[in-house]
Structures are given as C-alpha cells and as structure tokens.
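**Q** pasting the structure only:
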C-alpha cells in the first residue's frame, strides 16, 4: 500500500525510491545553478509525472535536515540552495538516474525558472473597463521603460492569452512592435517563427 501511494501518478520508467528522488532533486538543482523554491521543483517534477508529491515532500525535508539543501531567502521568497554536499551527490550518483528522467526534469525546471524570471522582470496589468478589459504590458529598463503598451480587449480570456504570449518572450514582442513601427518588414518575417510555450508542459 505504501509503495502504491509513493508511485501513484508517476510515469513508468521514472524514479520510485526515496534515494533516487533525492538524487534527482540534487541533480536538478545543480543543473539549475540557482536557488529554487519547492513550488518550482514540484511543478517541474509533477508536471512531467516524474515524482509523487508525497515522496517529493519527504525527500526535500530529508535533504534539508541533512544539510544537503539550505533554506534561504532569495529576492524576498523562500527557496533552497544546493550545498556542496548536495552537488557531490549530484556528480557522484547522477548516472543512477534514467537519462530520460534527467533530461525531462532539467528541461521542465529550466522552463519554469525562465517563466518565473520573466514574470518578475516584466509587468502585466489586466483591468476591467466599462466595455471590456485593458491589458498593459511593460518591459522595464534603467530609467525609462523599454516598452509600455496598453491594449483593449473584449474579454478577460483574450487578455490572458496575450499575457501568456508576452511572457513567453517579452523581447520578441518588443522587436516585433519596433520592426512594425519602423517598417522593417524583413525583421518582422524573421520573428514570425515557432516559439516554445513556457506555459505548456513538454
């Protein structure tokens, strides 16, 4: 029963033991190269069905108590930093993890951290208007904002779609607006290419 509880919701071929989960956490944090929050780890691992939630909670707590990961405040938010002993676990035992699990987990965490950074570095404000909704997109810079754009949309759902596309790649939006306003049609054509969706689990 306990084994079933710890493997429920985990895709076949993933990690299933507490030891493997702890190695995977240390590996992902080592690859990230920056402090991460529990929520970010959970979103990456559970989004890919690599680790059961309860086993993740247990593994993080074990790593914290043993000093392999260190609680700290990072930009005003509670996060975990990987200690030297945690990096040693990553380098010594990463080969114990299935390559597909390592790759999927690292890719998922990188996507989530990129999205979190873009949400922190750029501003999106959605407000209800008398006859619809207004979404304001801002790319701050030193001094004046690099981009400040407000758009009226009939529905909140359309604003949310714009928010997602903007946060996927704010600089792409800036380059597109700049190219259109300056008449640089060649650049516009180059920009219209498939962009990965940071909001979509892959």
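**A** Good, I have the coordinates. This one's a predicted model, so the numbers in the text were calculated from it and none came from an experiment.
**Q** show the residue spans covered by the strands in the chain.
**A** For the chain, applying DSSP state E gives strands covering 69-74, 77-82, 123-129, 132-139, 147-153.
**Q** who does the last one touch, helix- and strand-wise?
**A** Using 3 or more C-beta pairs under 8 Å, 6 or more residues apart in numbering; DSSP states H and E as the contact criterion, the elements in contact with strand 147-153 are strand 132-139, helix 156-168, helix 170-182. Every C-beta, even on glycine, is put in place using the N, C-alpha and C of the backbone.
**Q** repeat for the longest one
**A** Contact analysis of strand 132-139 by 3+ C-beta pairs under 8 Å, 6+ apart lists strand 123-129, strand 147-153, helix 156-168, helix 170-182 as its packing neighbours.
**Q** could you identify which of the ones you listed is most buried?
**A** Most buried of these, by mean neighbour count (mean count of other C-beta atoms under 10 Å): helix 156-168, with a mean of 17.
**Q** which residues touch residue 162?
**A** Applying C-beta atoms under 8 Å, 6 or more residues apart in numbering to residue 162 gives the contacts 135, 137, 151, 153.
**Q** shaky segments in the chain?
**A** Across the chain, the ranges flagged by pLDDT under 70 are 1-9, 188-196, 201-202.
**Q** how many degrees apart are the lengthiest helix in the chain and strand 123-129 in direction?
**A** For the chain, the helix that runs over the most residues, judged by DSSP state H, is helix 99-121. Interaxial angle of helix 99-121 relative to strand 123-129 (axes from the mean of the first three to the mean of the last three C-alpha atoms, to 10 degrees): 60 degrees.
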